[in-house]
Structures are given as structure tokens and as C-alpha cells.
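Visitor: following is a predicted model, sequence given first.
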Amino acid sequence: NMVSEYMTDPSHSVHNVYIRPGTDLAIISYYVDGTRILDISDPENPVEVGYYDTTEDTGLYDGNWGTYAYLPSGNIISSDRENGLFIFSTPLISNEYEETPEEFAFNQSSFQAFYFVMSGTDMYGDLLEAGDWIGLFNGDVCVGSREWPGEAVDIPTMGDDGFEYSEGYLQEGDIPTFKIYDASEDMIYSAFPSNNFAFADAQIFFVDEISGMLGYELSLDAGANLVSFYTLPDDNSIANVIGECPGNMAGVLTEGMAAACVNDQWIGTLIEIDLTDGYWILADNPDTLTGYGTNYDPGRVYDLHYGANLISYSSLGSADLSSSIPDDVEDLFLGILSQGSAAMNTDSLGWVGSLTTFDAGVGYWIIVSDDLSFSYETGSMARSEIRRYIETRPSGSAFEVAQSPNQAFYFVDTITLDEGVIEDGDWLLSYNGHTLTGIRQWQGVMIDIPAMGLSESRGTEGYLENGDIPTFKLFKQSTGEYIPL
């Protein structure tokens, strides 16, 4: 018995009807009416949910005379008699074999084990979603992966069986590490299992849960480093994030607070690291700070007060300065200072200076003309418009300047010489007496010349103190001549 019927026009002809396996979709090659998709979950009431007209011809047998609806990719192929082959994709049909993320590709080995992951959470603490991936690694080498189906899954894990294709894979007794590919964020980050199992061939292991955590790795130079954190561990104490005392860190400074390592303990009003703040970290030697957290939030709100605010950058990657600041408050931003570079917001030229981007892991002094609240704009526009100030320092120790947490910037837009002219690539230098306190390359536009101040940080001896007036020189790149300014 006929339950119901569907037609576009009584005078038009249908060529073929196909039912997509695993769905409630009927896919039709409908001659002059192209390709049609019906939802037949209610057979008595079929509903058209998609269509594409392949021709403007009107003959009874013109247009789409053949459709293939069974590709694992979910794509639909239709053949138009006049206009050729059409390939359609539709969110109505899922891809039966999502492509493995490049970083999660691996080779099959004759030595293998299976790690069953029963549940997992992402870097926000939310349950993993179908379409995410879990990968197992030996160092930086992926040794197995599987797409998360929304429930417990077995992840093949490969060992080194002596052939070239398994070089770097797990040896008996090695403990693999876990990573998550977060499809919604298009991001890979570390994950930590509730229990660890050493690899053994032909074994099955059950991991109750893995927890995704975003990691950070901040490289520090000897001396002063202006940094910030886009995620932090639950224990955000100075000792846990910066390191034990005594150690390599002599002190940490933030807006209005500080911590110092004295008599084998951290003292001062600064006792915890906050995600919204920037920090000067004073290191005795080069070092790297690493950690993990589940509190990453690019949309974090910053409450700024009139004047200078030392804050973080909340996002991964880099973004253009102007595009990252919401339009409705950008006029209130007067200047931005970072480690050794600065930018000033001008009425006629917009942002000028060597600082052109916000970067992950960097701290910033934001100077505003009124109290305000804002969140960084972190969309594709901010990231696509990046332009960087790039300079190559003259060689030799005579041009080296130690970074100080006490710094100022002198913006210059015109250089007039008694003889000759300044050329792009020449250098502007600031001094306290005979001590070099800053250097910046001239590139034909208004630029910021740094001037470092005296501090407790190593290497700042002889630098400027409050009230000192720096002197300036021009170093001609072509001749090596120094010209007082």
C-alpha cells in the first residue's frame, strides 16, 4: 500500500531513488529538478531537507539522470546530461572515515598492545566529544591513535619490532604518554591518564580516565623577563609555578606586589600567580618554566583602572595589536609596553612603535585614560593581520643591552642631521653617560627607543636612575660612524 508520495511538479520525471544506509534519507536523481534529499523518518510525511538544481533546461529527460549515494565520505555524486559531474557534501550525512590528524598518524607494527580508555575530559574539564582524537606517544613519536566515538575505545599502541617503519616506537617497559586532538578547538594538547601502564606486546590495559591539560613552556633569559600565563595548574603558588627557594629565580614582580627569595623561602605580598596579571621574573641563569592547566580562557575579562596596568595575554599564538583591542575601548588605550618594546596610540597614525603584536606567554603594561573592562579579540581577523617589527642587531658585545624591569621608551618620528640624512637600517642608541641603555633600528617611521633603568637585576649597573636624562646617538650602518643627537 502507498503510504505517501512526494513530487516537485506533476509534469517532471524522477530517474532514481536511493536510501542512504544508516540514515532516514532518500536521495533522488530528479532530472530537471536536480538532486533532492528527503527526510523519511516519518514515512507518512516525507520532508525535503536539501536540493541542488543542476540545470536550467526544461525537457522531460534533461538534467540529473544519475546519482550515487553510498560513498563512505558522505559525499553525493550526480551526473547531469548537459553540465557534467557534480560532487556535493552535506552535513546531513556523516563522514564514515574522518581523516586522521597528521600528528596522530602511525605505522602498524607486529608488536602491539591496546589501551582501552574508558572516559576522557578536555582542557576545560568537559567530556570529550565524538570526533576528538586520542593519541599515544613515545616522546615526540606517535605510536597509536583512535578517534573518540563518544564512549570507551581501544587505542592500538605500537612497539618497536626491529624494522625501519617502527623506529622510535615503544620498547618493553616504556610508558606511553597521551595527547588529545580537540576537534572543536583544532588544537592538540597533553592528557594525563588516571593510571599508567608499561608497554608489553599482545597485552590489554584499561585506563579509567584521561584528563586533557594545556601546557605552557616559557623560556627565560638570565636577568629580567616580562611574562604571563594563559593557563596555570590548580596549585598556583609561587613555589609551585616559579620554583622552590633557593633556586634559579631571585624574585618576581607584578603590579604593586613582589616576592623575593630570602633565607631559603619566598617572602613578600605576592604569594600566588594569577592568570590576568603580567610578571617580571628575575632569573640568575637561563631557564624554562613549564606547567599544565585546565583553566585556559581566551575570552577572559580584564578590569583595568586609570593609568598603568600590568596584565597577561589570554590566548595562544599571536595577534595584531589594534585588531585585538575592541573598537569601543581602543581610543582609551594610550600605550602598551612589553619587554624591550613599546607602542603608542596616536590620533593621526594609529599605533606606532616596535611593538606590533600580542604574544602568548608575554606580559604587558597597558596604559589607559579611564577605567574600563575588556576581553581580547582573538578571531581570525586579529591573527591574519599580523605585521612584525624585525631588526637585526649589529654584531659585537658593544651593542648588547641587559633587560631591566625598569624601562622607559622615547618615541621619535623625525631625525635631522647637520650633514647627510638618516637611512633605513641605521641605529638609534640611548646612553647614561658612556653606558649603552637601549638600541633600536630606524625603519623610516616613528619608533620607540628603549632606555633601561638601574635595578636589582644583573647587568643593569650604570643604567639610568629616576631623574637622569639619557643622551642619544645615531650609528650609521654603512660607515660605522657615531653621530651625537
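Guide: Sure, I can see it. Numbering: from 1, shown residues only.

Visitor: what ranges do the helices span in the protein?
Guide: In the chain, the helices defined using DSSP state H lie at 238-241, 321-324, 327-330, 380-384.

Visitor: roughly how far out does the first one sit from the chain middle?
Guide: Mean C-alpha position of helix 238-241 versus that of the full chain (Cα atoms, centre = their mean, to the nearest Å) differs by 24 Å.

Visitor: which neighbouring elements make contact with that helix?
Guide: Packing partners of helix 238-241 (3 or more Cβ pairs under 8 Å, 6 or more residues apart in numbering; DSSP states H and E): none among the helices and strands. Every C-beta, even on glycine, is put in place using the N, C-alpha and C of the backbone.

Visitor: so for it, mean pLDDT?
Guide: The predicted model gives helix 238-241 an average pLDDT of 96.

Visitor: which one of the helices of the chain lies nearest to S11?
Guide: When these are compared for distance to S11 using Cβ to Cβ, the nearest one is helix 380-384, at 47.6 Å.

Visitor: before we move on, the earlier item: how about the helices of the chain in CSV, adding distance to D418?
Guide: Output for the helices of the chain, formatted as CSV (distance: least, Cβ to Cβ, whole Å):
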stretch, distance to D418
helix 238-241, 53
helix 321-324, 36
helix 327-330, 40
helix 380-384, 44
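
Visitor: let me have the ones you listed in TSV, adding mean neighbour count and distance to S348 as columns.
Guide: As requested, the helices of the chain are exported to TSV (neighbours: other Cβ atoms under 10 Å; distance: least, Cβ to Cβ, whole Å):
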stretch	mean neighbour count	distance to S348
helix 238-241	17	43
helix 321-324	21	14
helix 327-330	12	15
helix 380-384	14	23
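
Visitor: for E164, which of those helices is the nearest?
Guide: With Cβ to Cβ as the measure, helix 380-384 is the member of the helices of the chain nearest E164 (38.9 Å).

Visitor: where in the stretch 251-400 of the chain is pLDDT low?
Guide: 380-385 (pLDDT under 70).

Visitor: change it to 90
Guide: 294, 317, 378-398 (pLDDT under 90).

Visitor: now the strands for it?
Guide: Here the stretch 251-400 of the chain has its strands, by DSSP state E, counting those that start in this stretch, at 257-262, 265-267, 278-283, 287-293, 302-304, 307-311, 318-320, 333-338, 341-346, 350-352, 357-359, 364-368, 372-374.

Visitor: who does the fourth one pair up with?
Guide: Using DSSP bridges, the neighbouring strands of strand 287-293 in the sheet come out as strand 210-220 (antiparallel).

Visitor: mind listing what's buried along the strand it pairs with?
Guide: 210-214, 216, 218, 220 (16 or more other Cβ atoms under 10 Å).

Visitor: same deal with stretch 37-54?
Guide: Across stretch 37-54, burial judged by 16+ other Cβ under 10 Å covers 37-40, 46, 50, 54.

Visitor: please identify which pair of the residues you listed lies farthest apart.
Guide: In the buried residues of stretch 37-54, the most distant members under the criterion Cβ to Cβ are I40 and T54, with 22.2 Å between them.

Visitor: hang on, the earlier thing: include distance to A402 and pLDDT when you put the buried residues of strand 210-220 into a markdown table, please.
Guide: Below are the buried residues of strand 210-220 laid out as a markdown table (distance: Cβ to Cβ, whole Å; pLDDT from 0 to 100):
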| residue | distance to A402 | pLDDT |
| --- | --- | --- |
| I210 | 44 | 97 |
| S211 | 41 | 96 |
| G212 | 39 | 95 |
| M213 | 35 | 95 |
| L214 | 32 | 93 |
| Y216 | 25 | 95 |
| L218 | 19 | 97 |
| L220 | 14 | 97 |
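
Visitor: which of these lies closest to N263?
Guide: In terms of Cβ to Cβ, no member of the buried residues of strand 210-220 lies closer to N263 than L220, at 23.2 Å.

Visitor: now the closest one: how far from G396?
Guide: The gap separating L220 from G396 is 24 Å, by Cβ to Cβ, to the nearest Å.

Visitor: average pLDDT for stretch 455-464?
Guide: For stretch 455-464, the mean confidence score works out to 92.

Visitor: quickly list what G50 is bridged to.
Guide: Per DSSP bridges, the residues bridged to G50 are I37.

Visitor: quick one: contacts for it?
Guide: The neighbours of G50, taking Cβ atoms under 8 Å, 6 or more residues apart in numbering as the test, are 36-37, 90, 92.

Visitor: V3 touches P46, doesn't it?
Guide: No: between V3 and P46 there is no contact under Cβ atoms under 8 Å: 9.2 Å.
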